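# just a sequence and a predicted model for now, questions to come.
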Amino acid sequence: MDEVTEFPKFSILSPWPTVINRHVASGHENYAAEITGLAEQAVDGDVFALDHPAVNWLRKTIDARIKAYFDTATKATGCSWRVEGRLITRGMNEFQAMNNRPGSYLTGVFCVNAPARKAGLKLRNDSDTNTLTLVDPRLGMNMIGISGDPYTVQIWKIPAEPGLMTMWPGYINHWMTPNQSDEPFVLVRFDVLIGEGDDKEEGHTTWNRLAVLAPDAPAAKKPDEGLQKIWPTLFVKRHLDDCEDWNSQLAVLINDMEKQNPDLTTNSWLENFFDRQEAPVAWLRDRVTETVAGYLEEFVDFDFQWRIECWPNINHTGDYHAPHMHGWCYLSGTYYLELPPADPGGDDADVPSGAINFADPRPGINIVSVDGDPYSKPQFFMRPEVGTMLLWPSSLMHNVYPNLAKENRITISFNVVVNGPLPC
Ligand SMILES: [Fe+2]
């Protein structure tokens, strides 16, 4: 056998990396006493609302890192942002519970100091003091992890250091381990909110619209005993009665729109379809509005303002919608106007042409599934009928299989977008 002396040529790609900023801010020692002093005064609310030399220095430091994040990690240009922060002091055994930061594009922590563990404490050997702990956002990745693979560890630990600033995407679950010291641990927790109108590609305005959903998480209800469904995915399916005439009128309208805009399917966001004044549009807008209102009344224990953004889709033969989620939205939905016959799709006769498919939002759950468990199927697909309206959480990954019929498939999609005041 020939000895292999050359390493085979290949490229390692790393799609979907999680980008984290970690650096010790130069000059932090000059401001530690002043920030600690503010913390001792129990300054409440947004610390960055203060005009104070130490606060101004910290804001500048954070702004520089945010700019670097955009410049080097995302290449996004023209983003505006606002930073909100809270001064926090943790005493012995105080910690930050597991959380993520709804509405925050980035979130972070600046450590003013880093108290060491008190000597003589008897603790488990995996116990850490004042350690930021980030949870792998690629849930399920570690289910097939192998020993020694650093890319499949479940949690990433970043111990506190004086002057250490860490910043990460707001969707990542994280917690901070207890302060195992008599010395108070002083830190500034901050959120980076993206400015209005930065999601230009999608045509939305994006000012922190999700944060308003839960300014204060309601206290967890005492769980009942026995089997319970936690984090169920709430999904609405509704059939609109007496829709035939309205559907015909809507189809005429949308086909006319396509004549004006041949790229309607891929360039659909030229206007809010629900801003139109025609009677069939008003009919559907009312039906969607009452459905959303019913959903919120049933499931959401918090009052907030919302609006609906809507657009039509015409799928010609071969058209499909690749897997996607609807960013910066709360709920999404589709109304089915015209559907060609449900002929089999591709090589998989179980998936009819034009079916919509939803991926289990609990990645990895099916890795250890057992035969016959209906709650571990990785995909849920359905082929609605004409007159069906679906409504689902916008974070639910979905795709639409190709329309293999000669006739067009016409649907009307919508997003429920949150308006409202910023939390303080
Ligand atoms: Fe979609």
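Ah, there it is. Residues are numbered from 1 along each chain as shown.
# in the stretch 1-150 of the chain, mark out all the strands, start to finish.
Along the stretch 1-150 of the chain, counting by DSSP state E, counting those that start in this stretch, strands occupy 21-24, 81-90, 96-99, 106-111, 131-135.
# what does stretch 234-243 rub up against?
The contact list for stretch 234-243 (Cβ atoms under 8 Å, 6 or more residues apart in numbering) reads 287, 291, 295, 299, 333, 335, 358, 384-393. Where you see a C-beta, it was placed from the backbone N, CA and C, and this is true even at glycine.
# on that earlier part again, residue 163: which of the strands of the stretch 1-150 of the chain is closest?
strand 21-24 (4.6 Å; Cβ to Cβ).
# quick one on the thing from earlier: out of the contacts of stretch 234-243, list just those in strands.
The members of these that map onto strands under DSSP state E are 333, 335, 358, 388-393.
# out of those residues, which is most surrounded?
Greatest neighbour count in the ones in strands among the contacts of stretch 234-243, by other Cβ atoms under 10 Å, goes to residue 335: 27 neighbours.
# my read: that residue touches residue 391, true?
No: if you go by Cβ atoms under 8 Å, residue 335 and residue 391 don't touch, sitting 9.7 Å apart.
# burial of the spatially closest residue to residue 287 that is not a sequence neighbour, as a residue count?
Take residue 287 and drop its neighbours on the chain: the residue closest to it by Cβ to Cβ, 6 or more residues apart in numbering is residue 240, 5.6 Å away. By other Cβ under 10 Å, 19 other residues sit near residue 240.
# likewise for the one 4 residues further on?
As a burial measure, the neighbour count of residue 244 was computed by other Cβ under 10 Å and equals 11.
# next one: residue 248
Residue 248 has 13 neighbours, counted by other Cβ under 10 Å.
# pLDDT value on it, please?
Note for residue 248: predicted pLDDT of 97.
# repeat that for residue 408.
Looking at residue 408, the pLDDT reads 93.
# any idea how far residue 276 is from it?
Per Cβ to Cβ, to the nearest Å, residue 408 is found 20 Å from residue 276.
# which residue ranges make up the domains of the chain?
With automatic domain parsing as the criterion, the domains of the chain are listed as 21-118+126-195, 236-419.
# least reliable of the ones you listed by average pLDDT, please.
Among these, domain 236-419 scores lowest, at a mean of 87.
# quick one: that one to chain centroid distance?
19 Å (Cα atoms, centre = their mean, to the nearest Å).
# columns distance to residue 225 on top of the domains of the chain, output as a markdown table?
Output for those, formatted as a markdown table (distance: least, Cβ to Cβ, whole Å):
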| stretch | distance to residue 225 |
| --- | --- |
| domain 21-118+126-195 | 24 |
| domain 236-419 | 20 |
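# I'd guessed residue 116 sits against residue 131; true?
No: look at residue 116 against residue 131 with Cβ under 8 Å: they stay out of range, at 11.9 Å.
# name the residue in the two with the higher neighbour count.
residue 131 (17 against 11).
# could you list every residue that touches residue 10?
For residue 10, the contact set (Cβ under 8 Å, 6+ apart) is empty.
# quick one on the thing from earlier: so how far is residue 313 from the residue nearest to residue 287?
18 Å.
# same check on residue 419?
25 Å.
# more crowded one of these two?
When residue 419 and residue 313 are compared for neighbours, residue 313 comes out ahead with 20 against 12, by other Cβ under 10 Å.
# what about that one, which helix or strand?
Per DSSP states H and E, residue 313 falls inside strand 305-315.
# cool, and residue 259?
Using DSSP H and E, residue 259 maps to helix 244-260.
# which elements pack onto whatever helix or strand comes next after the strand holding residue 313?
Once the chain leaves strand 305-315, the next helix or strand it forms, by DSSP H and E, is strand 321-324. If contacts are counted by 3 or more Cβ pairs under 8 Å, 6 or more residues apart in numbering; DSSP states H and E, strand 321-324 sits against strand 398-400.
# partner strands of the strand it packs on and their direction?
strand 321-324 (antiparallel), strand 356-359 (antiparallel) (DSSP bridges).
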